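K.L.:
need the 3D shape of this:
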Amino acid sequence: MLFDLAHSLYVVISTVITIVILILATIYLKEQKQKDVFLKFFAIITVILHYSGLWVDFLSTGTAEAGSALLFAVYPCHVCMWLLVASAFIKNRKTIGYRFVTEFTFYLGIVGGVLGIALNFNYMGNPTLADWSVLQGLLSHSTLIIGCVWLLCGKYIKIRVFNTISILLGMSLLLIDGVFVNTLFEYCKIGSVNSMYLLEPPVASMPWFNTAFMGVLAIVVGFLITATYEQIALPKEDRWYSHLAYWYNKKYKKKTKTEKEEE
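P.N.:
Residues are numbered from 1 along each chain as shown. Modelled structure (predicted):
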């Protein structure tokens, strides 16, 4: 049962620890090498926690079973986990590709991590923290959140309206992944896995809350949040509409007679 005493305590304690870790890291980690080590640690520990159930099962019983969630990127958090690894280990950080990866990872990690803790399916099926297969799922989402938020705190990304493009591209990546995984399972005749919730919505009683709705919602909310941030935090000349106006005028505005003579 979600938000019983154990689950509620985990949410509160995890939130406090996450905030404290990020504040301390922001205060004391000043050199880029230190920031990179911090990011790499939480990227790696998230992967280790995700697969740790296999090792615990094998060492406890002598056997271990790997389900679809361990072998394939079935859910958004699985994709986010590997994107966080890419964000931590890609060396060339001046490319458009790196910017796309880090920006989308930041937003997906926060949303996916919070939902993964608050609405954890493993805990719903087995409401106890004494089972490692349940606890590791919660812990891995907690470390995922720390790593993804650090992309902003460590100044790997900047909050800008044009992050919305990264969100759009990232949602397209999730769609491609979902189609691939679902098609593969169907082709191999091993049952439906409902990757990225393309076949069925995550909540049966809310059929309207489907993948298309979530994708559009993510883009709209992302734009509203970043636009509001720019309006508050940036001078007018640095805001998104000023950049668009400059680009439009430079590309399409007819040159005056004086400008032509200067050329």
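
K.L.:
packing partners of whichever strand or helix holds Q136?
P.N.:
Per DSSP states H and E, Q136 falls inside helix 132-153. Here helix 132-153 touches helix 5-28, helix 32-61, helix 76-89, helix 96-118, helix 121-125, going by 3 or more C-beta pairs under 8 Å, 6 or more residues apart in numbering; DSSP states H and E. The way it works is simple: take the backbone N, C-alpha and C, and place the C-beta from them, glycine included.

K.L.:
lowest-confidence stretch among those?
P.N.:
Note on the helices and strands packed on helix 132-153: helix 121-125 shows the lowest mean pLDDT, a mean of 89.

K.L.:
centre of the chain to the helix holding Q136, how far?
P.N.:
10 Å (C-alpha atoms, centre = their mean, to the nearest Å).

K.L.:
then stretch 12-19?
P.N.:
Taking mean C-alpha positions (C-alpha atoms, centre = their mean), stretch 12-19 and its chain are 18 Å apart.

K.L.:
in it, what's buried?
P.N.:
Buried residues in stretch 12-19, counting neighbours by 16 or more other C-beta atoms under 10 Å, are found at S14, T18.

K.L.:
on that earlier part again, adding distance to K236, write the helices and strands packed on helix 132-153 out as TSV.
P.N.:
Listed next are those as TSV, based on distance: least, C-beta to C-beta, whole Å:
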stretch	distance to K236
helix 5-28	28
helix 32-61	31
helix 76-89	31
helix 96-118	23
helix 121-125	46
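
K.L.:
who wins for proximity to A245 among the ones you listed?
P.N.:
helix 96-118 (22.0 Å; C-beta to C-beta).

K.L.:
then that closest one to PDB, C-alphas only?
P.N.:
Provided in PDB are the C-alpha atoms of helix 96-118 (Å, rounded to 0.1, in the frame of the first residue of the first chain):
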ATOM      1  CA  ILE A  96      24.700  19.800 -29.600                       C
ATOM      2  CA  GLY A  97      24.300  16.100 -28.900                       C
ATOM      3  CA  TYR A  98      25.700  16.400 -25.400                       C
ATOM      4  CA  ARG A  99      23.400  19.400 -24.700                       C
ATOM      5  CA  PHE A 100      20.400  17.400 -25.800                       C
ATOM      6  CA  VAL A 101      21.400  14.400 -23.600                       C
ATOM      7  CA  THR A 102      22.000  16.400 -20.500                       C
ATOM      8  CA  GLU A 103      19.000  18.700 -20.700                       C
ATOM      9  CA  PHE A 104      16.600  15.800 -21.400                       C
ATOM     10  CA  THR A 105      18.200  13.700 -18.700                       C
ATOM     11  CA  PHE A 106      17.700  16.500 -16.100                       C
ATOM     12  CA  TYR A 107      14.000  16.900 -16.700                       C
ATOM     13  CA  LEU A 108      13.200  13.200 -17.200                       C
ATOM     14  CA  GLY A 109      15.300  12.200 -14.200                       C
ATOM     15  CA  ILE A 110      13.400  14.600 -11.900                       C
ATOM     16  CA  VAL A 111       9.900  13.600 -13.100                       C
ATOM     17  CA  GLY A 112      10.700   9.900 -13.500                       C
ATOM     18  CA  GLY A 113      12.600   9.700 -10.300                       C
ATOM     19  CA  VAL A 114       9.900  11.400  -8.200                       C
ATOM     20  CA  LEU A 115       7.100   9.300  -9.800                       C
ATOM     21  CA  GLY A 116       9.200   6.100  -9.400                       C
ATOM     22  CA  ILE A 117       9.400   6.700  -5.700                       C
ATOM     23  CA  ALA A 118       5.900   8.000  -5.100                       C
END
